[in-house]
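Trainee: this is a predicted model, with the sequence first.
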Amino acid sequence: QVQLVESGGGLVQAGGSLGLSCAHSGRTFSDYTMGWFRQAPGKEREFVAAIRWSGSPTNYADSVKGRFTISRDNAKNTVYLQMNSLKPEDTAVYYCAARYRAQSTARSYDYWGQGTQVTVSS
């Protein structure tokens, strides 16, 4: 089994930046494509970004392209999401997800973290 633990959420003003981390354990991290998803109140969960198990390519939702950056550190078994130029509409619970050797375009994942709240004030 894979365990995922997100951290780094919080409250930030619009235009600000925030970085999320997700620690992966239980299996070989470098075998897993990692994704970030988010769910705002009253809305369905949506894809944000993904990074292939090999390290590239990455894939982003149009709504975050150019503002968010996903990266991974296989030595630390951690995936990151750097969020810049944040907008109030980025407010959501952000979830980390993992899937064994998937393409970065995958939208179905096998393992999920518990989520971390990101709130962007206007």
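Mentor: Great, that's in hand.
Trainee: do a quick rundown of the strands in the chain.
Mentor: 3-7, 10-13, 18-25, 32-39, 46-51, 58-60, 68-73, 78-83, 92-100, 111-112, 116-121 (DSSP state E).
Trainee: just name the most buried of those.
Mentor: Highest mean neighbour count among these (mean count of other CB atoms under 10 Å): strand 32-39, with a mean of 24. Yep, even glycine has a C-beta here, placed from its N, CA and C like the rest.
Trainee: check the spacing between Asp110 and Glu89 real quick.
Mentor: 28 Å (CB to CB, to the nearest Å).
Trainee: so for the protein, the centremost residue is which one?
Mentor: For the chain, Trp36 is the residue whose C-alpha lies nearest the centre (CA atoms, centre = their mean; 2.4 Å).
Trainee: so it makes contact with Gln82?
Mentor: No - counting by CB atoms under 8 Å, Trp36 stays clear of Gln82, with 10.7 Å between them.
Trainee: give me the common contacts of these two.
Mentor: Counting by CB atoms under 8 Å, 6 or more residues apart in numbering, the residues touching both Trp36 and Gln82 are Ile70.
Trainee: what does the pLDDT read for Phe47?
Mentor: What the model reports as pLDDT for Phe47 is 98.
Trainee: likewise the one 5 residues further on?
Mentor: The pLDDT attached to Arg52 in the predicted structure is 97.
Trainee: report how many residues lie close to it.
Mentor: Using other CB atoms under 10 Å, Arg52 has 19 neighbouring residues.
Trainee: once you drop chain neighbours, what's closest to it?
Mentor: Ser104 (4.3 Å; CB to CB, 6 or more residues apart in numbering).
Trainee: ok, now Thr58?
Mentor: Using CB to CB, 6+ apart, the nearest residue to Thr58 is Ile51, at 4.9 Å.
Trainee: distance check, Ser82 against Thr28.
Mentor: That one is not Ser; residue 82 is Gln. With CB to CB as the criterion, Gln82 and Thr28 are 24 Å apart.
Trainee: repeat that for Gly10.
Mentor: 31 Å.
Trainee: and if you look at Pro88?
Mentor: 38 Å.
Trainee: what's the answer for Leu18, then?
Mentor: 29 Å.
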